[in-house]
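Asks: Sharing a sequence plus its predicted fold:
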Amino acid sequence: MKKVYLDYVATTPVDPLAVKEMAPYFSDKFGNTMSLYSLGREAKKDLEESRKKIASLISADPEEIFFTSSATESNNTILKGIKGSHMVISSIEHACIMESALWLEKQGARVTRIPVDKFGLVNPLDIEKAITKDTALVSIIHGSNEVGTIQDIGEIGRICREKNVLFHTDASQTFGKIKIDVENIDLLSASSHKIYGPKGAGIIFKRKGVDLTPLIHGGGQEEGLRSSTVNVPSIVGFAKACQIAEERMEKDLEKISRLFKKLVQEVLKIDNVYLTGHPEKRLKNIASFYFSFIEGESLVLSLDLEGIAVSTGSACSSRSLEPSHVLIAMGLEHEQAHGSLRVSLGRNTTEGEIDYFVDKLKESVNKLRKISPLCIQKK
Ligand SMILES: Cc1ncc(COP(=O)(O)O)c(C=O)c1O
């Protein structure tokens, strides 16, 4: 059966060049970066080279990059490691921010959740109004993993700087895909497996002078911010993936934008289908739709039978029967949010795959609407 992967937002295949780069670190170069002998010193040197390559992608100083195991760990470390009693987040953050915020509230912190408009956009003025004298951190997702909307982090960062409040952005979906300027950003998180690197590596960009209490204590690796033996193979692979992303960014963006346009045009020819997210301020690799009279899960499973991998929303919530908190925050009714389908494109996506997907989508929608009780009731 033909296999078409259109869920690059959930995870990406590792670039073969990154796999090649990683290979020696499982055998000959297996040293521990904390060891004094040459095997360890060489691992440490390669770790620092990787840090430089990753920093270059966001024009940061290598000393401002700290390795973690994932963006989830980076986000947890940041939210739980900032000292202060009040925090501002948006209502469309990834589960790892939403859940960390809930946990912090249970510990006695105050969290303000900023609403979004129907396109999933935060109004920076709402953030300005929410900041009080005890606000320690503003944390706003850069590109939405569900609908692709990109927030104006330049302006939000400027407001935070003016108000003397730290600004963090979860850039898991934008890092390596579009240019990021860290000028007004104090903290940023990103993940390797979203940009054709291996799983098991993430970063915290932490501006010099920003104080974070570690989440994991131990041997003092990563300047004491994240103890535990450093995962050199994954970090080396992540660095290679960053280097490739930097070289290919424009070319990839151009190709993906073209495929996105075609995909959206074709899907919107189906009756009662709507595109979510901002019309312009958006990532072009994510197209999220909702279909009237159908459950997104039924569509995902029907397309899976045709060899197509897509999702209903974020990978973390797609096994839950709750409608997406992001779509609800954007004002969709529960019924509409239940009909959502997220299609995400990647470097390897072809025009032929889009054609195949659109054909199978039309067939699946027709089949499911014929047996949908919601559709029958309308007749
Ligand atoms: C916006 C966003 N933040 C955080 C994460 C978590 O990333 P990781 O899988 O590296 O923990 C994801 C992954 O889906 C994401 O899309």
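Replies: Arrived safely. Given the structure is predicted, the values throughout are model-derived calculations rather than measurements. Numbers count the residues shown, from 1 in each chain.

Asks: got the residues of the stretch 51-200 of the chain near the ligand?
Replies: Within the stretch 51-200 of the chain, the positions lying close to the ligand (Cβ under 6 Å from any ligand atom) are 70-72, 94, 96, 141, 145, 170, 172-173, 191. In short, each C-beta sits where N, CA and C put it, glycine included.

Asks: which one of the residues you listed is nearest K262?
Replies: Q173 (21.3 Å; Cβ to Cβ).

Asks: what number of residues lie near the residue nearest to the closest one when sequence neighbours are not counted?
Replies: Nearest residue to Q173, sequence neighbours excluded (Cβ to Cβ, 6 or more residues apart in numbering): G143, at 4.1 Å. Using other Cβ atoms under 10 Å, G143 is surrounded by 27 other residues.

Asks: can you check K251 too?
Replies: With other Cβ under 10 Å as criterion, K251 counts 10.

Asks: same question, the one 3 residues further on
Replies: Applying the criterion other Cβ under 10 Å, we find 10 residues in the vicinity of E254.

Asks: do K44 as well
Replies: 18.

Asks: just F260 next, same as before
Replies: Applying other Cβ under 10 Å, we find 22 residues neighbouring F260.

Asks: returning to that earlier point: may I see the residues of the stretch 51-200 of the chain next to the ligand arranged in CSV, with distance to C242 as well?
Replies: Below are those laid out as CSV (distance: Cβ to Cβ, whole Å):
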residue, distance to C242
S70, 16
A71, 14
T72, 19
H94, 21
C96, 21
I141, 20
N145, 19
D170, 17
S172, 14
Q173, 15
S191, 12
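
Asks: So which of the residues you listed belong to strands?
Replies: For those, the ones inside strands are 170, 191, with DSSP state E as the criterion.

Asks: Identify the farthest-apart pair in the residues of the stretch 51-200 of the chain next to the ligand.
Replies: S70 and I141 (15.6 Å).

Asks: More neighbours: which of those two?
Replies: The neighbour comparison of S70 against I141 (other Cβ under 10 Å) goes to I141, with 29 against 20.

Asks: Got the phi and psi for the more buried one?
Replies: Dihedral pair for I141: phi -60, psi 140, per degrees, to the nearest 10.

Asks: That one touches A95, doesn't it?
Replies: No. With contacts counted by Cβ atoms under 8 Å, I141 stays clear of A95, the gap being 11.3 Å.

Asks: which residue packs closest to P279, ignoring adjacent ones?
Replies: Excluding the flanking residues, the one nearest P279 by Cβ to Cβ, 6+ apart is F119, at 7.2 Å.

Asks: got it, and G84?
Replies: In space, and not counting its chain neighbours, G84 is closest to A136: 2.1 Å by Cβ to Cβ, 6+ apart.

Asks: burial of that neighbour, as a residue count?
Replies: 14.

Asks: Just the element for it, please.
Replies: Per DSSP states H and E: A136 is located in strand 135-139.

Asks: Contacts only, for the residue nearest to P279.
Replies: 149, 277-279, 281, 330 (Cβ atoms under 8 Å, 6 or more residues apart in numbering).

Asks: top of those residues by neighbour count?
Replies: Highest count within the contacts of F119 by other Cβ under 10 Å belongs to T149, 28 neighbours.

Asks: And that one, how far from E280?
Replies: Separation of T149 from E280 (Cβ to Cβ, to the nearest Å) stands at 10 Å.

Asks: Which pLDDT value goes with G224?
Replies: Listed pLDDT for G224 reads 98.

Asks: The spatially closest residue to it that is not a sequence neighbour: neighbouring residues, count only.
Replies: In this structure, G224 finds its nearest non-sequential neighbour in P214, 6.2 Å apart by Cβ to Cβ, 6+ apart. By the criterion of other Cβ under 10 Å, P214 has 17 neighbours.

Asks: can you tell me which helix or strand P214 belongs to?
Replies: Here P214 is assigned to no helix or strand, by DSSP H and E.

Asks: No further questions, thank you.
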